[in-house]
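>>> sequence-free structure coming up:
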């Protein structure tokens with residue numbers, strides 16, 4: 001058995017879903033001293049309305065952990081990721097990868113969880129991105145289903161599954177058809193159908209019949225598994241309708257419309273049961289059913305409950321699934337196979353009349369051959385052999401690997417340099433930044449108004465006015481002296497040694513503006529407060545119209561705030577004519593770029609706060 005390894009499992013089901021091979025294999029590895037991170041299902045299709053409970057459970061599980069990660073048992077951790085539910089969207093895939101990788105890498109660093117075996121049940125693009133980007137020593141793909149038949153866009157999952165198969169070191173499959181398909185892209189394929197936990201399912205254990213089936217009169221035909229669209233409901237109706245003395249009990253989550261069976265009193269649906277409870281139900285069945293329809297999907301299905309039924313010595317009647325037919329070839333027709341409804345019914349009657357104890361013992365023996373203990377031992381041997389081969393290849397090819405490492409590193413450096421150069425040229429040698437900045441600028445025609453309102457630009461560390469403050473104050477003074485208004489309001493609460501509004505007043509007075517025509521707001525520390533405090537003064541002085549002076553890049557945010565909070569005031573937006581932040585003579589400068597980005601972030605922040 002594999003020991004002392006780190007294993008990352010990318011699962012196609014959630015941990016608390018029906019107990020299957022996913023949980024059985026990973027819990028067995030954890031008990032054997034391996035550390036396991038079990039990543040719950042990230043999806044193979046877009047969710048529907050009926051999935052709302054599953055989505056709610058995912059959110060609850062995420063909240064139970066730290067960034068979605070929690071400890072389930074010794075050596076086993078569960079990651080319940082929150083992802084965009086669009087598994088075949090390139091943008092969603094990119095976003096999801098960048099959401100998950102940082103969390104996984106931080107956790108792996110803290111836990112010293114390096115050089116992992118990555119075991120994936122999923123063939124999606126996100127699974128491929130994770131197994132490609134995470135630190136690893138080996139990749140195992142366990143192909144348990146024909147996913148092309150499960151999704152609305154089969155060509156997309158076909159493409160990503162091919163990538164997963166090619167990237168994998170080992171491929172395990174459920175049956176012969178899946179093996180043939182995977183071998184087209186990777187020869188290292190082994191068949192491992194799901195097994196059975198013999199300690200849990202043992203016909204010799206005495207069990208009390210569960211209360212919800214204990215009162216059933218007559219024979220019980222039992223089925224355990226998802227009640228999905230691949231269950232042949234017409235077959236069940238045929239059996240129950242013609243044989244009222246039988247009761248068909250189906251145990252598992254309802255995943256399809258069952259209305260066509262609701263009128264039958266001898267068809268009972270029981271909700272999903274805990275895995276440890278299932279043996280008691282199987283013990284209470286007289287015959288076990290595998291009533292699947294024959295279609296493209298079920299061509300590759302190996303029923304996971306088959307060996308659990310056999311472990312209890314139960315007779316099994318199945319439809320003619322290809323994997324069941326192959327199983328029967330290996331084990332001398334141990335399963336009753338009905339190729340039509342009438343033959344299926346006849347086999348149920350034969351199974352009910354079965355008296356041969358040796359058949360029951362033979363089924364238990366077959367189940368033991370197909371136990372999880374043997375399955376996982378054999379899987380472990382293949383994994384250990386592949387690890388040894390990889391280590392040997394590394395020693396033999398160390399020089400080639402080292403050269404390859406530096407070659408790859410150089411490519412990454414050149415790529416970063418190229419990206420950095422393109423970004424630099426786009427920002428500093430093209431008009432891209434001015435194109436981005438243009439929506440920030442609002443400019444109205446100059447009008448005669450009651451006052452000029454100026455929003456300050458801050459002071460430097462010495463207490464002297466900053467360049468932005470100086471250009472705003474000068475422009476406002478020029479407008480005053482040209483007769484566009486009789487009063488000026490300077491609004492700014494920025495202070496270091498001197499107040500910003502006081503500095504603007506000094507500049508205006510030095511240019512000839514009478515001190516008595518200047519009003520100060522010395523409290524505002526943001527554009528939002530500039531608007532709110534200025535409006536209070538404007539209302540008090542009964543001004544009806546204003547020229548608003550600020551830097552060009554600040555106009556859009558001021559407009560959005562005034563539009564919400566400054567109603568009743570006619571505002572003419574008058575940005576500084578010759579602002580350093582719109583000086584294109586020498587290309588874009590860092591302070592210009594910073595001011596423009598600051599404004600866009602400020603607008604987003606104001607939107608989030610409800611200021612605009």
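Looks like it arrived, so ask away. The model shown is predicted, which means the values in this text are computed figures rather than measured ones.
>>> show me what residue 547 bridges to in the sheet.
Going by DSSP bridges, residue 547 is paired in beta bridges with residue 452, residue 572.
>>> number of nearby residues for it?
Neighbours of residue 547 under the rule other Cβ atoms under 10 Å: 25. The C-beta positions use only the backbone N, C-alpha and C, and glycine is treated the same way.
>>> go on, residue 571?
When neighbours are counted by other Cβ under 10 Å, residue 571 registers 20.
>>> now do it against residue 559, distance only.
8 Å (Cβ to Cβ, to the nearest Å).
>>> now do residue 453
13 Å.
>>> show me which of the two is the more surrounded one.
Set residue 453 next to residue 559 and count neighbours by other Cβ under 10 Å: residue 453 wins out with 32 against 18.
>>> that one against residue 487, yeah?
No: at 9.4 Å, residue 453 does not count as touching residue 487 under the criterion of Cβ atoms under 8 Å.
>>> surely residue 7 is within a helix?
No: counting by DSSP: H, G, I helix; E, B strand; the rest coil, residue 7 is not found in a helix; it is strand.
>>> can you list the domain ranges for this structure.
6-191, 211-370, 398-428, 437-609 (automatic domain parsing).
>>> most centrally placed residue in the chain?
In the chain, the residue lying closest to the centroid (Cα atoms, centre = their mean) is residue 83, at 2.0 Å.
>>> can you tell me the helix or strand for it?
Residue 83 is part of no helix or strand when elements are defined by DSSP states H and E.
>>> same list, the domains of the chain, but as a markdown table with mean pLDDT and distance to residue 382 please.
As requested, the domains of the chain are exported to a markdown table (pLDDT from 0 to 100; distance: least, Cβ to Cβ, whole Å):
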| stretch | mean pLDDT | distance to residue 382 |
| --- | --- | --- |
| domain 6-191 | 90 | 6 |
| domain 211-370 | 93 | 17 |
| domain 398-428 | 79 | 24 |
| domain 437-609 | 86 | 53 |
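>>> for the chain, what's the longest helix?
Scanning the chain for the helix with the most residues, using DSSP state H, yields helix 398-428.
>>> can you pull out the helices in the stretch 1-150 of the chain?
In the stretch 1-150 of the chain, the segments counted as helices under DSSP state H, counting those that start in this stretch are 21-31, 52-64, 90-110, 125-133.
>>> quick one, which of the ones you listed is nearest to residue 180?
Nearest to residue 180 among these is helix 21-31 (20.9 Å), distances taken as Cβ to Cβ.
>>> in the closest one, what counts as buried?
Within helix 21-31, the residues scored as buried using 16 or more other Cβ atoms under 10 Å are 21-30.
>>> out of those residues, the closest to residue 337 would be?
Using Cβ to Cβ, those come closest to residue 337 at residue 21, 23.5 Å.
>>> contact partners for that closest one?
142, 144, 194-195, 304, 372 (Cβ atoms under 8 Å, 6 or more residues apart in numbering).
>>> so which residues of the stretch 451-600 of the chain form helices?
For the stretch 451-600 of the chain, the helices defined by DSSP H, counting those that start in this stretch cover 467-481, 500-510, 527-541, 555-565, 590-609.
>>> please produce TSV containing those, extended by distance to residue 289.
Formatted as TSV, these follow (distance: least, Cβ to Cβ, whole Å):
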stretch	distance to residue 289
helix 467-481	80
helix 500-510	82
helix 527-541	69
helix 555-565	66
helix 590-609	57
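>>> nearest to residue 90, out of these?
Comparing the helices of the stretch 451-600 of the chain by their distance to residue 90 (Cβ to Cβ), the top pick is helix 590-609, with 25.2 Å.
>>> so what's residue 158 up against?
residue 148.
>>> which of the helices or strands spans it?
helix 154-167.
>>> contacts for stretch 337-348?
Defining contact as Cβ under 8 Å, 6+ apart, one finds that stretch 337-348 is touched by 221, 234-235, 238-239, 242-243, 246, 287, 289, 291, 317-320, 324-325, 328, 336.
>>> filter those residues to the buried ones?
For those, buried by 16+ other Cβ under 10 Å: 221, 235, 238-239, 243, 246, 287, 289, 291, 317-320, 324, 328, 336.
>>> dump the helices of the stretch 1-150 of the chain to TSV, plus distance to residue 380.
TSV is the format used below for the helices of the stretch 1-150 of the chain (distance: least, Cβ to Cβ, whole Å):
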stretch	distance to residue 380
helix 21-31	8
helix 52-64	29
helix 90-110	22
helix 125-133	19
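>>> got the contact list for the nearest residue to residue 160 once chain neighbours are set aside?
For residue 160, the nearest residue in space outside its immediate sequence neighbours is residue 125; the separation is 4.5 Å by Cβ to Cβ, 6 or more residues apart in numbering. Residues near residue 125 by Cβ under 8 Å, 6+ apart: 87-88, 90, 93, 156, 160.
>>> can you pick the most crowded of those residues?
Ranked by the number of neighbours (other Cβ under 10 Å), the contacts of residue 125 place residue 87 first, at 24 neighbours.
>>> give me the neighbour count for the closest residue to it other than its chain neighbours.
Nearest non-adjacent residue to residue 87, counting by Cβ to Cβ, 6+ apart: residue 43, 4.7 Å away. Per other Cβ under 10 Å, the neighbour tally for residue 43 reads 20.
>>> identify the residues contacting residue 43.
So residue 43 contacts 83, 85, 87, 124 (Cβ under 8 Å, 6+ apart).
>>> give me the contacts around the longest strand along the chain.
Longest strand of the chain, by residue count under DSSP state E: strand 136-143. Applying Cβ under 8 Å, 6+ apart, the contact partners of strand 136-143 are 8, 21, 115-121, 123, 131, 161, 164-165, 167-174, 178, 182, 192, 383, 386-387, 390.
>>> just the buried ones from those?
By 16+ other Cβ under 10 Å, the contacts of strand 136-143 give 8, 21, 116-121, 123, 131, 161, 164-165, 167-174, 178, 182, 192, 383, 386-387 as buried.
>>> which ones among the residues you listed map onto strands?
Mapping the buried ones among the contacts of strand 136-143 onto strands (DSSP E) picks out 8, 116-120, 170-173.
>>> looking at those residues, spot the one nearest residue 542.
Checking those against residue 542 by Cβ to Cβ gives residue 8 as the nearest, at 70.1 Å.
>>> residue contacts, the closest one?
36-37, 39, 104, 116-119, 130, 134, 136.
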